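1. fold the following for me, if possible:
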Amino acid sequence: MPPPSRPRTPRTPRTPPPPITAPATHPGPGRAPSRGGLGRPWKGTTVSVPEGTIPYRQARAAQPAALERVARRLAAQLGTPGAFPAAVRPVFAGIGASHAALALPVALLGEAGFAARRVLAGDLPPGPVFDSADLVLGVSQSGRSPETLAALALAGPERAGALVNAVPSPLAAAARWSVDLGDEPDSYASTVGYTGTLVGLTMLARHLEGWDSARALAEWAGTAELLEEFEEVLAPVVAEVTAHGAHVVAADFVGSGASLGTAEAGALLLREVARVPATALATRTYLHGAMESAGRTLHVVLGDGREGELARSLARAGHLTLAVTAAPLAAEGTLHVVRLPGLA
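-> Alright, predicted model coming up:
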């Protein structure tokens, strides 16, 4: 592979292959066969709401107001003297959607000159994983993830922190420092819990950067109104993608930096909620071979850099593509674009 300073120009992806027969059965237990693309659930599938959770649509509708509550609660907690220690080499640990969320604070702190990193709690490398860390922050919406609990135990109580939603929780109890989202009601697919975790991780990153709680809270002013307006902009684009997605049997999510975490969370959400096989990859990794299997696939490309060219290349080869970007990218053919709102 060429060095990063000389990235190769990707080959134009091949045109979609002829239609193939979709899998006859759903891989999950107890699921009935036959599915037909995006927006069309597995026939015979019954959707139940697990005890202690709320329906997915209800959780989505609750997000705007919930995120403003979460921001206010975290500002109050972080404004307490000694709430969290100063740290320049923090390590964030989580699994599943919580691990995906960790890409955001790592990117923010990296931009500020911190040696921050994230680790997958369920697959820690051998050796002294946390020796160089001055803070190990375990993240789990439920506060019960056994892998994250084990990672925090490995780090030791003297430098263990936690961010959770559920109150009380074993993870918070095992940490020397902890903050929580306020036990917000959530869906099984971790809707408000995930987006609230992003708010919490951002505010924690700002705290480590030296921001006071009032300044960190001000960054989230108007969140509810912005999200409600964005939903109106988003709805017709999603409807178009769904309408053109009857042939889709899988989805690729692609991004870099903080957007890689969004890609990971998006792929997981599509698997959990829509039951569509989905994979997340870093942009440059995708360009080095992974995109060659394009065909009967939805491509969700997130980012403002090389991702724009990638999205155009995929769409011009006839592939259904959704670009999520703040860059001035125009929709064309099979390329659909969600423009992220500008932030002051």
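2. what about the helices in this structure?
-> Ranges of helices within the chain are 56-78, 97-101, 103-111, 146-155, 170-174, 192-209, 213-218, 223-243, 258-269, 283-287, 306-316, based on DSSP state H.
3. closest one to residue 338 among these?
-> Closest to residue 338 of those, according to CB to CB: helix 223-243, at 5.3 Å. C-betas here are computed from N, CA, C, even on glycine.
4. C-alpha coordinates for the closest one, CSV please?
-> This file holds the C-alpha atoms of helix 223-243, laid out as CSV (Å, rounded to 0.1, in the frame of the first residue of the first chain):
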residue,chain,number,x,y,z
THR,A,223,-30.0,21.8,19.8
ALA,A,224,-33.7,20.9,20.0
GLU,A,225,-34.8,23.4,17.4
LEU,A,226,-31.9,22.6,15.1
LEU,A,227,-32.7,18.8,15.2
GLU,A,228,-36.4,19.4,14.6
GLU,A,229,-35.6,21.6,11.5
PHE,A,230,-33.1,19.0,10.3
GLU,A,231,-35.6,16.2,10.5
GLU,A,232,-37.8,18.1,8.0
VAL,A,233,-34.9,18.5,5.6
LEU,A,234,-33.8,14.8,6.1
ALA,A,235,-37.2,13.1,5.6
PRO,A,236,-37.6,13.6,1.8
VAL,A,237,-34.0,12.5,1.1
VAL,A,238,-34.5,9.3,3.2
ALA,A,239,-37.8,8.6,1.4
GLU,A,240,-36.0,8.9,-2.0
VAL,A,241,-33.2,6.5,-1.0
THR,A,242,-35.7,4.0,0.5
ALA,A,243,-37.8,4.2,-2.7
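5. sorry, back to before: for the helices of the chain, give me a markdown table that also has mean neighbour count and distance to residue 249.
-> As requested, those are arranged in a markdown table below (neighbours: other CB atoms under 10 Å; distance: least, CB to CB, whole Å):
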| stretch | mean neighbour count | distance to residue 249 |
| --- | --- | --- |
| helix 56-78 | 19 | 22 |
| helix 97-101 | 27 | 23 |
| helix 103-111 | 21 | 27 |
| helix 146-155 | 20 | 30 |
| helix 170-174 | 19 | 37 |
| helix 192-209 | 24 | 26 |
| helix 213-218 | 16 | 43 |
| helix 223-243 | 14 | 15 |
| helix 258-269 | 23 | 14 |
| helix 283-287 | 19 | 18 |
| helix 306-316 | 21 | 16 |
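6. can you say which of the ones you listed is nearest to residue 339?
-> Among the helices of the chain, helix 223-243 sits nearest to residue 339 (CB to CB), with 7.5 Å.
7. just how off-centre is the closest one within its chain?
-> Relative to the centre of its chain, helix 223-243 is centred 18 Å away, using CA atoms, centre = their mean, to the nearest Å.
8. ditto for stretch 126-139
-> Remark: stretch 126-139 is offset 22 Å from the chain centroid, using CA atoms, centre = their mean.
9. need the distance between the two termini of it.
-> One end of stretch 126-139 sits 21 Å from the other (CA to CA, to the nearest Å).
10. residues touching that stretch, excluding its own?
-> The contact list for stretch 126-139, computed with CB atoms under 8 Å, 6 or more residues apart in numbering, reads 84-85, 87-94, 98-99, 101-102, 115, 119, 121, 148-149, 151-152, 154-156, 159-164, 171, 174-175, 197, 201, 204, 208.
11. tell me what the lowest-mean-pLDDT helix or strand in the chain is packed against?
-> Least confident helix or strand, the chain: helix 223-243 with a mean of 92, by mean pLDDT, DSSP states H and E. Helices and strands touching helix 223-243, as assessed by 3 or more CB pairs under 8 Å, 6 or more residues apart in numbering; DSSP states H and E, comprise helix 56-78, strand 335-339.
12. against residue 94, how distant is the residue nearest to residue 53 when sequence neighbours are not counted?
-> Spatial nearest neighbour of residue 53, excluding adjacent residues (CB to CB, 6 or more residues apart in numbering): residue 188 at 4.7 Å. Remark: distance between residue 188 and residue 94 (CB to CB, to the nearest Å) = 18 Å.
13. between these two, who's got more neighbours?
-> Counted by other CB atoms under 10 Å, residue 188 and residue 94 do not tie: residue 94 has more neighbours, with 27 against 18.
14. contact partners for that one?
-> 101-102, 118, 120-121, 138-140, 145, 148.
15. what's around the spatially closest residue to it that is not a sequence neighbour, how many residues?
-> Excluding the flanking residues, the one nearest residue 94 by CB to CB, 6+ apart is residue 139, at 4.1 Å. The tally of other residues near residue 139 (other CB under 10 Å) stands at 29.
16. to residue 193, which of the helices and strands packed on helix 223-243 lies closest?
-> Proximity to residue 193 (CB to CB) singles out helix 56-78 among the helices and strands packed on helix 223-243, at 8.5 Å.
17. what helices or strands is the closest one leaning on?
-> Using 3+ CB pairs under 8 Å, 6+ apart: helix 56-78 touches strand 177-180, helix 192-209, helix 213-218, helix 223-243.
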